[in-house]
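S.K.: dropping the sequence and predicted coords here.
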Amino acid sequence: MSENLEKILKSLKKGIDYDTFLDKFEMDKSNVKSYIKDLKEKGYRIDGLLIDGDIIYKINPTIERKTINLSNNYEGDMKLGFISDTHYNSKVCHEDELQEYYDIAQSEGVKKVFHAGDLNDGIGVYTGQEFMVNPVGLQDQMDYIVNNYPRRKEIDTYWVEGNHDTKPFKKVGMYIGPIIDSRRDDMTCLGQVNSKVNLDDIILELSHYEGSVAVSKGYRLEKYLRDTKNAPNILLLGHKHINVFEEVRGTYCFEGGAWQGQTPYTKAKNLPNTIGGWIVDVKYDAGVIKRIKAEFLEF
């Protein structure tokens, strides 16, 4: 990141009016709007607010969450892929195994894979992370994902940003989801941290939930649903790199596993890493799940 861009982003986090923008960064009037437009296209969320007659440019700090409809007339039977925490660009990312998972998913008729966050390992998440990622630069990391994340005929990947993915947003307002989406027609970011998806009236919720494992693996699921007003039919959680499948309070719940091996950080924290993902067969009628069969492919 250039020194000038870093100064501009710091000003945008606080909010800066049009005239001050011109003077402080020595820009022509014709360049300011095009510069802001260019930043937006690169993934920065910037609003132009009219306050007391002045246009104030400011980075939008709002976490974006989406609810989308992906109903596709499955006729009572759908086969889905559930994964999480791929941590692309980590030196210990199990890329080959993830490619194999997608091969199996394709061979078994999966059309949609849902990813519960931390697509990318990112930058600046914990001390010393720069020694465990390659490449280090965020733009290079996104390029690598676009060029190397699994692409399979007739499979679309839907994902939410996790805490590693949202770090650039929290630091400088960069939202990596739209950038990756714009370059991969088979990948769709559903927002940051959490999203709900309607699949023929079966509600699937994805969440990169940072709650503790604490007493047991199932404790996170119980706590999450206890704090949820409108519970989904199916819940997929990411973040803890564990695999769980159980029914809690009438919701079929999954922990999505992971594709990142041990790092010095996870070793020091004694954190698990269960490498693999789910293939889930759901039979349903009129918004009610009649049968669900789940297989965890562990690598």
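M.R.: Ah, there it is.

S.K.: what's the neighbour count on the nearest residue to Tyr74 once chain neighbours are set aside?
M.R.: Leaving aside its sequence neighbours, Tyr74 sits nearest to Asp200 (Cβ to Cβ, 6 or more residues apart in numbering; 5.4 Å). No exception for glycine: its C-beta is placed from N, CA and C like everyone else's. The number of residues packed near Asp200 is 18, by other Cβ atoms under 10 Å.

S.K.: show me the contacts for Asp200.
M.R.: Ser71, Asn72, Asn73, Tyr74, Met78, Tyr284, Gly287 (Cβ atoms under 8 Å, 6 or more residues apart in numbering).

S.K.: tabulate those residues in TSV, adding columns for secondary structure.
M.R.: Formatted as TSV, these follow (DSSP: H, G, I helix; E, B strand; the rest coil):
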residue	secondary structure
Ser71	coil
Asn72	coil
Asn73	coil
Tyr74	coil
Met78	strand
Tyr284	strand
Gly287	coil
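
S.K.: and of these, the nearest to His239?
M.R.: Each of the contacts of Asp200 was checked against His239 using Cβ to Cβ; the closest is Met78, at 25.2 Å.

S.K.: identify the residues contacting that closest one.
M.R.: Lys111, Leu199, Asp200, Ile202, Asp281, Val282, Tyr284.

S.K.: gap between the third one and Leu80?
M.R.: When distance is defined by Cβ to Cβ, to the nearest Å, Asp200 is 12 Å away from Leu80.

S.K.: re the thing from before, got phi/psi on the residue nearest to Tyr74?
M.R.: Backbone torsions of Asp200, given as degrees, to the nearest 10, read phi 50, psi 50.

S.K.: just the pLDDT for it.
M.R.: pLDDT, Asp200: 90.

S.K.: kindly provide the distance from it to Glu154.
M.R.: Per Cβ to Cβ, Asp200 is found 18 Å from Glu154.

S.K.: what's the answer for Leu199, then?
M.R.: 16 Å.

S.K.: returning to what we had before: from the contacts of Asp200, pick the one nearest Thr188.
M.R.: Asn72 (13.7 Å).

S.K.: contacts only, for the closest one.
M.R.: Lys111, Leu199, Asp200.
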